[in-house]
Each structure stands twice: as structure tokens, then as C-alpha cells.
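**Q** Below are the sequence and a predicted model; questions follow.
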Amino acid sequence: MIRKRPSRREILQATAALTAAASFGAMVGRAAAAQPHAQVDAVLRRATEAREVPGVVAVAATDKGLLYEGAFGVRDLANGPEMTPDTIFRLASMTKAVTSTAAMQLVEQGRLQLDQPIGNVLPELAAPQVLEGFDDSGAPRLRPAKRPITLRHLLTHTAGFGYETWDADLIRYVKVSGTPSTSTGKLASLRLPLVFDPGDRWEYGINIDWAGRAVEAVSGQPLEVYFREHIFAPLGMSDTDYVISSAQQSRLVSVHQRKPDDSLEPVAAPDPPWREFWSGGGGLYSTGRDYLVFLQMLLNQGRFNGAQLLRPETVALMGRNQIGDINAGILKTAMPQRSNDVDFFPGIPCKWGLGYMINAEPGPNGRSAGSLTWAGIYNTYYWLDPQKHVAGVILTQVLPFADHKAVKLYGEFESAVYDALKAA
């Protein structure tokens, strides 16, 4: 059978049909991609419109690049302005992962060791004392620690240090000893006793402040300068620092306090206006965009934006359980205005790596077992899922910590990100 050769008109018609089909396919693809983005938007918009949080910035990325960015609500309920992606937040304890990265850079260089007594670097920690309680007169009862503190203890919060926020004995110790509270920003506030022997258990505390002091001691640089030269500048994190400019100050969000009736009111940030030392445990200002870049570096095995900050094996080590059978992550408040009780994964055992918490089982909102996470006291949160190659950041500025509405929104955002990841 001889097939008739198609005419020029038939060829043009067929080409047009193929082009239309391709265009329709691309349009469907764009719609499918836009739909998950819209779902994340809807989660964040609903929370701000309901005033569950005043405002929020949230970002997420995979190892391939940016997955989501959104900003909703206002920086201040009393007078605005609107939240924007470049809004600046107080990171508080999200600073700790940065300090841990700096410490591990120096471990790679052989200038710090994970398991040598940290008193070799910081003489103030050469003979730690453990608080065993108080005598009948109310004076503290102290004894020498059974073993030395190491950098590994500090990075995993197993050195024995605590925070007054979650330890009533430390509140009492500060009161009777005349030691400045950690809220004062005074260097002497770090001279707290241990509340257990190094390595015996986990308690969240001023450990990473001491790790920051160790970074300064061996690098010869103030922590502010070390961070800028060895982490922020290489990654292009131009909006992250301990001190921000007047232009950046204009983008700074207000802190809001949750009241007993669940409403929110703007309050003065309770952090000290200045510190006598650069705090490795808190104090950085940043944006969602900047902090996501830091997480992308970890997601990409220590390399991002052309800069290699850590070796892949170091990143892997930091993300592994470093505390054995000890459990981590549960905190009982001693200061309800500053923090609620903390248990982000009820019923799921949590561990600690060299800088962050690790959920030992899959989380309820999509993250894999072995994901990394922590937070800041003003309800700023991040997670990094090495298995599914995704990281996310959600930022508000609300007290107390572990605010039930902020944590709920965090979970909804995480769930929506994983839905978007599946669609992509």
C-alpha cells in the first residue's frame, strides 16, 4: 500500500496540535507546581488572619534549590508594618548550630578536640563543681565533678550545665550566690555550677556559650569576627550578625507575649541590650533567607555557594546520635512567662548530635527518622531532613517558648512542605 505524502497544510496543522499539547502540558505542570505553593501560603495566611501569630516568615529548600518562601501578617500588631521575606528576627538559640559549626571547623583543623578536657583550652572549666542542693541555711552545697568536661559534652548538652528557665535550682543558686542571671548578658553569668556530672544525662543549658568561648580562645578572634569571616561571608549571609545596622533595624520584627486569654501584645525584647561577650548560645539576628542558606550548606554536605565550610564526614558526624542511650529534648519550665514545657515529639525518643536534636523515629508531619532540628526561644524553628533532602525554617517572635499556636503552625507548615515536595 502506497501512503499518501502529507500536504504542507496537514504538516502545519499537526505541528500546531503538538505545540498546543506541549503548551497545555507545560501549563498543567505550572499549575501543579503552583498548587502546593498555594497550599503552604494558605496555612500561613490563615494563622496570621486568625491572629494565632502576629506574622510569620517561612522558607524551605531541597538539595536542588529553593522550594518555598512566604511572608504573612505584620511585624508588630500595634502599628505594622507588613511582614516581608527580608524581615530580620532574633534567632536566639538557633545561633547554637552556627557556633557548633565553627567549633567543628576547628576540630577539623586539629585546634580543638572533641574528647580532650576543655579545661586545657578554657582554664575556667578545669575544675568544675556540681551543685548537690542547699544546706539548712540555704547555702549551696557544691562538690568537684567526677570527670572533666569535654567539647563533645558541651555540643551535646551533657556537660551538666543548665538554664534558669528550666531549672529551679539554678534560679535559687543565682539568688543566694549573687551570680548574675544569664538574662543580664554579663560574662560572670556563665560561672554557674553543673547540676550533674559530665556525661551522666542531658540538660539544655549554657554549654554552647562555653563552646563559643573555646572557638574564641583557639582562633584568637571574637566570635562575631570568626562567624563573619568563616561562615557568613563565604555563604553570602549578609543579613546575619550580632549587631545590625540602622537600615536592618528598620526591618526588625517586634516580640509579642501570649497573654492568659490567648491574645498577643507587643513587648520589649527581654534580651539584654548589650552583652559583655559574644554569646555562642544566642544573640544572632538573621532572616529566613539567610538561615536557609546555612541549612543548605549542611544539606549539601558542608558545601554551598562555592564555599566548603565543613567536610562531608564532619557533617555526617554532627548529624549522628552522640549521647548513646541518654534521651534528650524534654524540658519542664521554671519560668512560665519565658517558656512552656517542651516536648516537640511526644512518645518519640530524641537524641542529640553535635549541635542539634535528632528524632529517632519519623515525625508526625513528614520528616524522616534521623532529621535534625532546634529552635529559638522566640518561637523560631528549623529542621533538616538528610534522608528526604529538605530543610525548612519558620520564624515568629512570640513568648513563651513552645507556644502552642506557634508549634501547631510549625507542624502545619512542615506537613505542607512535604506535600509540596511530593508534588514537585
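**A** Thanks, I have it. Since this is a predicted model, take the numbers as computed values, not measurements.
**Q** any chance you could map the strands in the stretch 151-300 of the chain?
**A** Under the criterion DSSP state E, counting those that start in this stretch, the stretch 151-300 of the chain carries strands at the ranges 255-258, 264-267, 285-286.
**Q** hey, which of those is tucked in deepest?
**A** Comparing these by mean neighbour count (mean count of other Cβ atoms under 10 Å), strand 285-286 ranks first with a mean of 24. Placement of C-beta: from N, CA and C, glycine included.
**Q** sorry, back to before: which one of the strands of the stretch 151-300 of the chain lies nearest to Ala71?
**A** Ala71 lies closest to strand 285-286 among these, at 14.5 Å (Cβ to Cβ).
**Q** and the closest one, how far from the chain's centre?
**A** Strand 285-286 sits 12 Å away from the centroid of its parent chain (Cα atoms, centre = their mean, to the nearest Å).
**Q** and what of stretch 260-276?
**A** Centre-to-centre, stretch 260-276 and its host chain are 19 Å apart (Cα atoms, centre = their mean).
**Q** contact partners of it?
**A** With Cβ atoms under 8 Å, 6 or more residues apart in numbering as the test, stretch 260-276 has contacts from 51, 53-54, 76-78, 90, 92, 183-187, 254-259, 282-283, 338, 398-399, 405.
**Q** go with 6 Å
**A** By Cβ atoms under 6 Å, 6 or more residues apart in numbering, the residues outside stretch 260-276 that reach it are 54, 76-78, 184-187, 254-258.
**Q** can you pull the contacts of Val176?
**A** Contacts for Val176 (Cβ under 6 Å, 6+ apart) come out as Gly138.
**Q** Which pLDDT value goes with it?
**A** Listed pLDDT for Val176 reads 97.
**Q** The one 3 residues further on too?
**A** As summarised for this prediction, Thr179 has a pLDDT of 97.
**Q** go on, Ala17?
**A** Looking at Ala17, its pLDDT stands at 42.
**Q** Okay, strands next: where are they in the stretch 301-424 of the chain?
**A** 303-304, 307-308, 350-352, 357-359, 372-376, 380-385, 390-395, 398-399.
**Q** Would you tell me which one of those strands is buried the most?
**A** Sorting the strands of the stretch 301-424 of the chain by mean neighbours (by mean count of other Cβ under 10 Å), the first place falls to strand 390-395, with a mean of 28.
**Q** Which strands or helices does that one pack on?
**A** strand 55-62, helix 288-299, strand 380-385, helix 404-423 (3 or more Cβ pairs under 6 Å, 6 or more residues apart in numbering; DSSP states H and E).
**Q** what are the C-alpha coordinates of it, in PDB please?
**A** This file holds the C-alpha atoms of strand 390-395, laid out as PDB (Å, rounded to 0.1, in the frame of the first residue of the first chain):
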ATOM      1  CA  VAL A 390      14.800  19.000  52.500                       C
ATOM      2  CA  ALA A 391      15.200  21.800  55.100                       C
ATOM      3  CA  GLY A 392      12.800  24.400  56.400                       C
ATOM      4  CA  VAL A 393      12.700  27.500  58.600                       C
ATOM      5  CA  ILE A 394       9.700  29.100  60.200                       C
ATOM      6  CA  LEU A 395      10.100  32.400  62.100                       C
END
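**Q** what is the mean pLDDT for that strand?
**A** Mean predicted lDDT for strand 390-395 stands at 98.
**Q** Can you tell me what sits against that strand?
**A** Residues from elsewhere that reach strand 390-395 (Cβ under 6 Å, 6+ apart): 57-62, 89, 288, 291-292, 295, 299, 380-384, 410, 413, 417, 421.
**Q** Name every strand pairing with that strand and say which way it goes.
**A** Strand 390-395 pairs in its sheet with strand 55-62 (antiparallel), strand 380-385 (antiparallel), by DSSP bridges.
**Q** a markdown table for these, including distance to Gln105 and mean pLDDT?
**A** Formatted as a markdown table, those follow (distance: least, Cβ to Cβ, whole Å; pLDDT from 0 to 100):
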| stretch | distance to Gln105 | mean pLDDT |
| --- | --- | --- |
| strand 55-62 | 22 | 98 |
| strand 380-385 | 18 | 98 |
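**Q** Looking at these, spot the one closest to Thr179.
**A** Ranking these by proximity to Thr179 (Cβ to Cβ) places strand 380-385 first, at 27.9 Å.
**Q** got the contact list for that closest one?
**A** 89, 94, 295, 298, 367-368, 371-373, 375, 391-395, 410.
**Q** For Val74, what are phi and psi?
**A** phi -130, psi 160 (degrees, to the nearest 10).
**Q** quick one on the thing from earlier: which of the strands of the stretch 151-300 of the chain sits closest to Leu66?
**A** Nearest to Leu66 among those is strand 285-286 (16.7 Å), distances taken as Cβ to Cβ.
**Q** hang on, the earlier thing: distance to Thr240 added to the strands of the stretch 301-424 of the chain, as a markdown table?
**A** As requested, the strands of the stretch 301-424 of the chain are exported to a markdown table (distance: least, Cβ to Cβ, whole Å):
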| stretch | distance to Thr240 |
| --- | --- |
| strand 303-304 | 14 |
| strand 307-308 | 14 |
| strand 350-352 | 24 |
| strand 357-359 | 22 |
| strand 372-376 | 13 |
| strand 380-385 | 13 |
| strand 390-395 | 12 |
| strand 398-399 | 21 |
